[in-house]
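> Structure for this input, please:
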Amino acid sequence: MALLAVVYANVYFEEDFSKPDYESRWVTSVHRPATERGKVGLSAGKYFTNEEEEKGLQTQEDARFYTISAEFPEFSSKDKTLVLQYSLKQDQGIDCGGGYVKLHPTGLNQKDYNGDSEYNIMFGPDICGGTRRTHVILNKRGKNHLIREDIPTETDTYTHVYTLVLKPDNSFTVLTDGKESRKGTIEDAFDILEPKKIKDPSKSKPSDWVDEQYIDDPTDVKPEGYDAIPQEVDDPDAEKPVDWDDELDGAWEAPRIPNPEYKGPWRPKKIENSAYKGEWIHPMIDNPAFEADPTLYAFDSLSSIGIEIWQVKSGSVFDNFLVTDSEAEAESRREAILKRAAGEKAAEEISQKSKSENAEPEEDEHDDHDHDDQKEDL
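Prediction:
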């Protein structure tokens, strides 16, 4: 059955840059001035196990926008599973920039592709300062809906495979290197539909409801003389300098220090409120505006994939794009990608070791100086 699933899988788009003339399949937008557009090229990055197999589309200029897209025959994902998968190597140790991709409906003007171009799905890493997440945004009912809870993303310099699965039961799964990063229903994870429940507008908190759990102790009395305690006092250890001249320097005053006896403004102790009824919870009712939508997973038109990002530091390698209706097909390809990528860390370690071994030893100026001194002594 697994073999049959692979055989009958629909692969709507695939790109691993192994075929020549990728420029004939990918169109770079000229929407922005040339000085703002970053150049791309094929590269396997710094470390790899098979350079030819691991070449992908690499961003190659710092502080630039990257806007490039590729078309494929239009299809609808209605009544189908939709899988979007690609690999990404943030070879530069990215500190601020996007690493996500977008799926677009038919009609994308590739030459004028920009941040305002309509898209169906935006998926992948976004890293800048404290923001470090894997985006999942679905465009529904004319609005872009970001998943409610952030999904952690990878931040190292090795290749990772990101997979988004949307199913006809309105469920979704996000995988990172084949491991589940987030799973749930589109209805629960995105604010697309009206909420199922709302606060009952006919109900309000009773005027006599007591929700203060603790109150001031009416029997607690401020100690006599409490307010007379000063915040600061003269430093008892300070002494008038021996060279202090009262006529020239004025009357000497000891420096002030915080008073250890001062306890701040007086407040009575707190005790439990015997009239406390607990936190008032607003009664909920079914929302009359809620309408279930069994097609949240589906898009009527899908016909292009694009990268539309800004990067402060370039060097990201996008590769192994796949749009299919088969999770098995995606898994098979993912395993092959990760198998190749497994050697990146070893290749880096070998390279660093080689550099260390071939580095010329630094001259010890101290030793040379001692040698000269010895010659002088002789």
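> where does the chain dip in pLDDT?
Counting by pLDDT under 70, the ranges of the chain that qualify are 1-7, 359-378.
> Could you rerun that using 50?
Scanning the chain for pLDDT under 50 picks out 1, 4-6, 371-378.
> Determine the longest strand present in it.
Scanning the chain for the strand with the most residues, using DSSP state E, yields strand 64-75.
> How about residues contacting that strand?
10, 12-13, 15, 25-29, 31-32, 36-40, 57, 59, 104, 106, 108, 110, 113-114, 301-311, 314, 321, 323 (Cβ atoms under 8 Å, 6 or more residues apart in numbering). In this view, the C-beta of every residue, glycine as well, is placed from N, C-alpha and C.
> Recalculate using a threshold of 6 Å.
Outside of strand 64-75, the residues within contact range by Cβ atoms under 6 Å, 6 or more residues apart in numbering are 12-13, 25-29, 32, 36, 38, 59, 106, 110, 113, 301-310.
> Stretch 135-149 too?
Tyr100, Tyr119, Asn120, Met122, Phe123, Asp126, Ala189, Phe190, Asp191, Ile192.
> about what we covered before: just give me how far the longest strand of the chain sits from the chain centre.
23 Å (Cα atoms, centre = their mean, to the nearest Å).
> for stretch 239-256, same thing?
Taking Cα atoms, centre = their mean, one finds the center of stretch 239-256 at 61 Å from the center of the full chain.
> ok, Trp266 touching Asp220?
No: look at Trp266 against Asp220 with Cβ atoms under 6 Å: they stay out of range, at 9.5 Å.
> what touches both of those two?
Common neighbours of Trp266 and Asp220 (Cβ under 6 Å, 6+ apart) do not exist.
> Can you give the distance of stretch 312-330 from its chain's centre?
Centroid separation between stretch 312-330 and its chain, computed with Cα atoms, centre = their mean, is 18 Å.
> Bridged to Thr185, which residues?
Ser171 (DSSP bridges).
> Run a quick neighbour tally on it.
Other residues within reach of Thr185, judged by other Cβ atoms under 10 Å, total 14.
> try Ala238
Neighbours of Ala238 (other Cβ under 10 Å): 13.
> With adjacent residues omitted, what lies nearest to it?
Leaving aside its chain neighbours, Ala238 sits nearest to Ala254 (4.3 Å; criterion: Cβ to Cβ, 6 or more residues apart in numbering).
> check contacts around the one you found.
Asp234, Asp235, Ala238.
> Next, give phi and psi for the first one.
For Asp234, the backbone dihedrals are phi -70, psi 140 (criterion: degrees, to the nearest 10).
> Roughly how far does it sit from Lys240?
12 Å (Cβ to Cβ, to the nearest Å).
> ditto for Leu338
For Leu338 relative to Lys240 (Cβ to Cβ), the value is 77 Å.
> The two: which is more packed in?
Leu338 (15 against 11).
> Quickly find the element holding the more buried one.
helix 327-341 (DSSP states H and E).
> which residues sit against that helix?
2, 5-6, 9, 49-50, 53-54, 83, 85, 87, 159, 161, 163, 178, 320, 322.
> Please check those and keep the buried ones.
Taking 16 or more other Cβ atoms under 10 Å as the criterion, what is buried in the contacts of helix 327-341 is Ala9, Glu54, Val83, Gln85, Ser87, Thr159, Val161, Thr163, Asn320, Leu322.
> Could you dump the residues you listed into CSV with secondary structure and distance to Thr134 added?
Output for those, formatted as CSV (DSSP: H, G, I helix; E, B strand; the rest coil; distance: Cβ to Cβ, whole Å):
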residue, secondary structure, distance to Thr134
Ala9, coil, 24
Glu54, coil, 22
Val83, strand, 16
Gln85, strand, 13
Ser87, strand, 14
Thr159, strand, 15
Val161, strand, 12
Thr163, strand, 10
Asn320, strand, 17
Leu322, strand, 17
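> Save the residues you listed as a markdown table, and put in distance to Glu149 too.
Compiled in a markdown table, the buried ones among the contacts of helix 327-341 are given as follows (distance: Cβ to Cβ, whole Å):
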| residue | distance to Glu149 |
| --- | --- |
| Ala9 | 31 |
| Glu54 | 33 |
| Val83 | 22 |
| Gln85 | 22 |
| Ser87 | 24 |
| Thr159 | 26 |
| Val161 | 22 |
| Thr163 | 18 |
| Asn320 | 27 |
| Leu322 | 26 |
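> Pick the one among the residues you listed closest to Trp244.
Thr159 (73.4 Å; Cβ to Cβ).
> Go ahead and confirm the closest one touches Gln90.
No: using Cβ under 6 Å, Thr159 is not in contact with Gln90, being 9.2 Å away.
> Just the buried ones out of the contacts of stretch 135-149, please.
Among the contacts of stretch 135-149, the ones that count as buried by 16+ other Cβ under 10 Å are Tyr100, Tyr119, Asn120, Met122, Phe123, Asp126, Ala189, Phe190.
> Show me these that map onto helices.
Among these, the residues falling in helices (DSSP state H) are Ala189.
> Sort out for me which of the buried ones among the contacts of stretch 135-149 are in strands.
Using DSSP E, the buried ones among the contacts of stretch 135-149 in strands are Met122, Phe123, Asp126.
> picking up where we left off before, so of the contacts of strand 64-75, which ones are in helices?
Going by DSSP H, the helices hold none of the contacts of strand 64-75.
> Show the buried residues in those.
12-13, 26-29, 38, 59, 110, 113, 302-310.
> so what's Glu232 closest to, chain neighbours aside?
Glu232 sits nearest to Arg256 (Cβ to Cβ, 6+ apart), 4.3 Å away.
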